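Asks: Predicted model follows, preceded by the sequence.
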Amino acid sequence: MNKNAADNWNKKDKNIKLKVADNQKFYLPFGKYKVTISKDKVTESKSFEILNPKK
């Protein structure tokens, strides 16, 4: 995600702070998320999980 999106996230969510990674990009922390998209009267939701990669 870009810096503006990360800044907006950090303003809204005081529990999880997004920080810049070594490659100068921002990533969502590991965890479970739900995305909801609405257009007109149609709404779709999808849950997903970001896992810690095994080394």
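Replies: Received, thanks. Just so you know, these numbers come straight off a predicted model, no measurement behind them. Numbers count the residues shown, from 1 in each chain.

Asks: show me what contacts the spatially closest residue to residue 51 that is not a sequence neighbour?
Replies: The shortest distance from residue 51 to any non-neighbouring residue, by C-beta to C-beta, 6 or more residues apart in numbering, is to residue 30 (6.4 Å). For the C-beta atoms, the positions are set from N, CA and C on the backbone; glycine is no exception. Applying C-beta atoms under 8 Å, 6 or more residues apart in numbering to residue 30 gives the contacts 50-52.

Asks: Residue 20 too?
Replies: 3, 6, 26.

Asks: Now do it against residue 3, distance only.
Replies: 8 Å (C-beta to C-beta, to the nearest Å).

Asks: Overlap of the contact sets of these two?
Replies: Residues touching both residue 20 and residue 3 (C-beta under 8 Å, 6+ apart): residue 26.

Asks: mind listing the helices for the chain?
Replies: With helices called from DSSP state H, the chain shows them at 3-12.

Asks: which stretches of it form strands?
Replies: 31-39, 42-50 (DSSP state E).

Asks: centre of the chain versus stretch 20-32, how much separation?
Replies: Stretch 20-32 sits 9 Å away from the centroid of its parent chain (C-alpha atoms, centre = their mean, to the nearest Å).

Asks: To clarify, my last question referred to stretch 2-18.
Replies: On C-alpha atoms, centre = their mean, the centre of stretch 2-18 falls 9 Å from that of its chain.

Asks: still on that earlier bit, which of the contacts of residue 30 lies closest to residue 39?
Replies: residue 50 (25.4 Å; C-beta to C-beta).

Asks: correct me, but the closest one touches residue 31?
Replies: Yes: if you go by C-beta atoms under 8 Å, residue 50 and residue 31 touch, sitting 6.2 Å apart.

Asks: re the thing from before, return a PyMOL selection command for the buried portion of the contacts of residue 20.
Replies: Per 16 or more other C-beta atoms under 10 Å, the buried members of the contacts of residue 20 correspond to this PyMOL selection:
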select buried, resi 6+26
